[in-house]
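Novice: sequence unavailable; structure follows:
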């Protein structure tokens, strides 16, 4: 056995050397600097993976049904890595220390996806072994395109299912093509079934491989197909897929109620097919989502040369007669690659839930078509250009080398944020906004350095909180008095007009200046807005108690004052809160005996106050007092101890402890002193 392996390695030493180089090229951008940040779904997958392995160890096989994706390959890989990390570091897993386990959870996903690249190369070498020597390096070029594809790199670094699905599906499709090309070879049928079973266990859309198998058989056999042997092969294929399914996922067999689990799968997968991401939305076909996603998320190399590859395939009959066709004996396989891309996108378009990453499985096929597109372009140039054919074979090598170098530069420039890649030829939000958590570790670093114990409200709280000592809540808590910073994130933009994310964009992004901006590949991804925090109160306001705050008026068109009152969570209900706005005389006027003028007084029933919510009190008419000072006094009438309101204040020893602020009208919009961007206009 060892001798046979040694002989095989020696006979295939060139391919083995190429495979090693491909693995290194794929692994470096996929595995370097893992654990730097968490994407939005990784906390869930890390928790599921941990619980999956626990259920396996405890023989609680029913609990291995962690999700109906079903994501079993990810659960095995990340779960085993998290368990190993726990054992080696003696650190228990919890959602409080996700950052400690992030790299461990991501590592096996990155490793398997890196290994898939040399596997693709070996499959392509066998698939196109009959092609002329001039095309010997096309499988290498296609594999390099896959290894350096920035979106495939990005998702390969995430503890999730989409990159694994892409790798397993494409390998299964290649095995299927080899099965039909090699005269329905049983070995390749088994390989196709095993890889397809693993792909389906990764994510349900891999069921696409079953009709793709049928299509490949029909293209190979045509009208002369022998149905009985092919039906036997199909039965064997289905049997192996089912066997893989049952062995690797015990929730489908070794449980008290496997039928119930199967029905749960059916229900959830049906719901996913018919329910958009935002549950309140109705089903829409949205035909253009994925074509636009291809424009924005593929590289110019893949987009241009894959398109040219399809065009040269269409024009191939014109060249075939002259004997200069670059696709000798490879036309059917290439058309099946086109079919793989087209029909998978059609299938995913019919599903209600859409996202750019859901068509990640077509990207390796596009890279293969791009590699052949480079060959096809130069073949056509050589055919139609007098005296140029002599250079044809060399020029497509040069073009391929330039394309590879471009991808190296792109991968380098985006690292470690390849998941945020967008095609520079098109706007980056044609299909959906970028951003899945990358860049928030920069915000965490800034908070750790600037205000490590701050209270923060963030669009992605867990992803930020995993890397900072600050206390992070969901952005819906932004109005809580203790919150000192509000963090907005890029994918809040571009949502439907009635989405609540727009409220935060209007209040912070359009009105205020950020204290810190996190950038990813030269694009702004996260904004940190400071906020006045009022973490304490002045005490009960009973009759005879009066608090006052002096404020500087910075703009004309003063329209009122905001007060942050508190009712002890609704306990205070009787009496009135009396708020007066006074004009403070200048020093010379004060020394001459002039008293401050009351601009307006408001009487607010305590029963109408909302606890810990800003209350806006408007003047009857705008006042121009820019450069002067005013004073806000607050007292009560008709209250009693244990039934009196209060006002929020700050613990800091500054000149304005009370939670009051002035309100202006600027260019037709209302603004407080916190709206620094708006006040500059």
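Specialist: Ah, there it is. Owing to the predicted nature of the structure, the values given are computational and were not obtained by experimental measurement.

Novice: which residues of the stretch 501-650 of the chain fall in helices?
Specialist: With DSSP state H, counting those that start in this stretch, the ranges of helices along the stretch 501-650 of the chain come out as 501-504, 587-591.

Novice: least confident of those, on average?
Specialist: Ranked by mean pLDDT, those end with helix 587-591 at the bottom, a mean of 46.

Novice: contacts made by stretch 470-484 with the rest, please.
Specialist: Contact with stretch 470-484 is made by 444, 447-448, 451-459, 461-462, 464-465, 485-488, 504, 530-531, 533-535, 564, 612-614, 648, 659, as judged by C-beta atoms under 8 Å, 6 or more residues apart in numbering. In short, each C-beta sits where N, CA and C put it, glycine included.

Novice: buried stuff in that stretch?
Specialist: Neighbour counts using 16 or more other C-beta atoms under 10 Å place 470, 472, 473, 475, 477, 478, 481, 482, 483, 484 of stretch 470-484 among the buried residues.

Novice: for stretch 216-226, same thing?
Specialist: Residues of stretch 216-226 classed as buried by neighbour count (16+ other C-beta under 10 Å): 216, 217, 219, 220.

Novice: what sits up against it?
Specialist: Applying C-beta under 8 Å, 6+ apart, the contact partners of stretch 216-226 are 176, 177, 179, 180, 181, 184, 230, 332, 335, 336.

Novice: hmm, which of these is lowest in pLDDT?
Specialist: residue 332 (83).

Novice: can you tell me how far that residue is from residue 225?
Specialist: Relative to residue 225, residue 332 is positioned 14 Å away (C-beta to C-beta, to the nearest Å).

Novice: report pLDDT for the residue positioned nearest the centre of the chain.
Specialist: For the chain, residue 436 is the residue whose C-alpha lies nearest the centre (C-alpha atoms, centre = their mean; 2.9 Å). What the model reports as pLDDT for residue 436 is 92.

Novice: tell me the SS of it?
Specialist: Secondary structure state of residue 436, per DSSP: H, G, I helix; E, B strand; the rest coil, is coil.

Novice: and residue 354, by the same measure?
Specialist: Look at residue 354: counting by three-state DSSP, its state is coil.

Novice: can you get me a residue count around residue 601?
Specialist: Residues within reach of residue 601, counting by other C-beta atoms under 10 Å, total 12.

Novice: which elements pack onto the longest helix along the chain?
Specialist: When the chain is parsed with DSSP state H, its longest helix is helix 98-127. Packed against helix 98-127 by the contact rule (3 or more C-beta pairs under 8 Å, 6 or more residues apart in numbering; DSSP states H and E) you find helix 13-31, helix 42-57, helix 72-89, helix 138-147, helix 150-156, helix 162-181.

Novice: any of the contacts of stretch 216-226 buried? List them.
Specialist: For the contacts of stretch 216-226, a burial check counting by 16+ other C-beta under 10 Å picks out 176, 177, 179, 180, 181, 184, 230, 336.

Novice: surely the fifth one is in contact with residue 128?
Specialist: No: using C-beta atoms under 8 Å, residue 181 and residue 128 do not qualify as a contacting pair, with a distance of 9.4 Å.

Novice: so how far is residue 102 from the closest residue to residue 43 other than its chain neighbours?
Specialist: Sequence neighbours aside, residue 462 is the residue nearest to residue 43 in space, at 5.0 Å (criterion: C-beta to C-beta, 6 or more residues apart in numbering). According to C-beta to C-beta, residue 462 and residue 102 sit 12 Å apart.

Novice: look at these two and report which has more neighbours.
Specialist: Each of residue 462 and residue 102 has its neighbours counted (other C-beta under 10 Å); residue 102 has more, 25 against 18.

Novice: report the spatially nearest residue to that one, omitting neighbours in sequence.
Specialist: Distances taken as C-beta to C-beta, 6+ apart place residue 35 nearest to residue 102, at 4.0 Å, with adjacent residues excluded.

Novice: kindly indicate whether the one you found is helix, strand or coil.
Specialist: Of the three states, residue 35 takes coil under three-state DSSP.

Novice: who are the contact partners of it?
Specialist: Contacts for residue 35 (C-beta under 8 Å, 6+ apart) come out as 99, 102, 103, 104, 106.

Novice: quick check: phi and psi at the closest residue to the third one other than its chain neighbours.
Specialist: Distance criterion C-beta to C-beta, 6+ apart; nearest residue to residue 103, sequence neighbours excluded, is residue 35 at 2.9 Å. Main-chain torsions, residue 35, degrees, to the nearest 10: phi 80, psi 10.

Novice: if I look at residue 35, how far off is residue 160?
Specialist: 14 Å.

Novice: now swap in residue 555 and tell me
Specialist: For residue 555 relative to residue 160 (C-beta to C-beta), the value is 49 Å.

Novice: neighbour-wise, which of those two wins?
Specialist: Between residue 555 and residue 160, counting by other C-beta under 10 Å, residue 160 is the more crowded of the two (26 against 16).

Novice: one step back: for residue 294, find the nearest of the helices and strands packed on helix 98-127.
Specialist: helix 150-156 (10.7 Å; C-beta to C-beta).

Novice: with the buried residues of stretch 216-226 in mind, which one is nearest to residue 627?
Specialist: residue 216 (79.5 Å).

Novice: many thanks, I have nothing further to ask.
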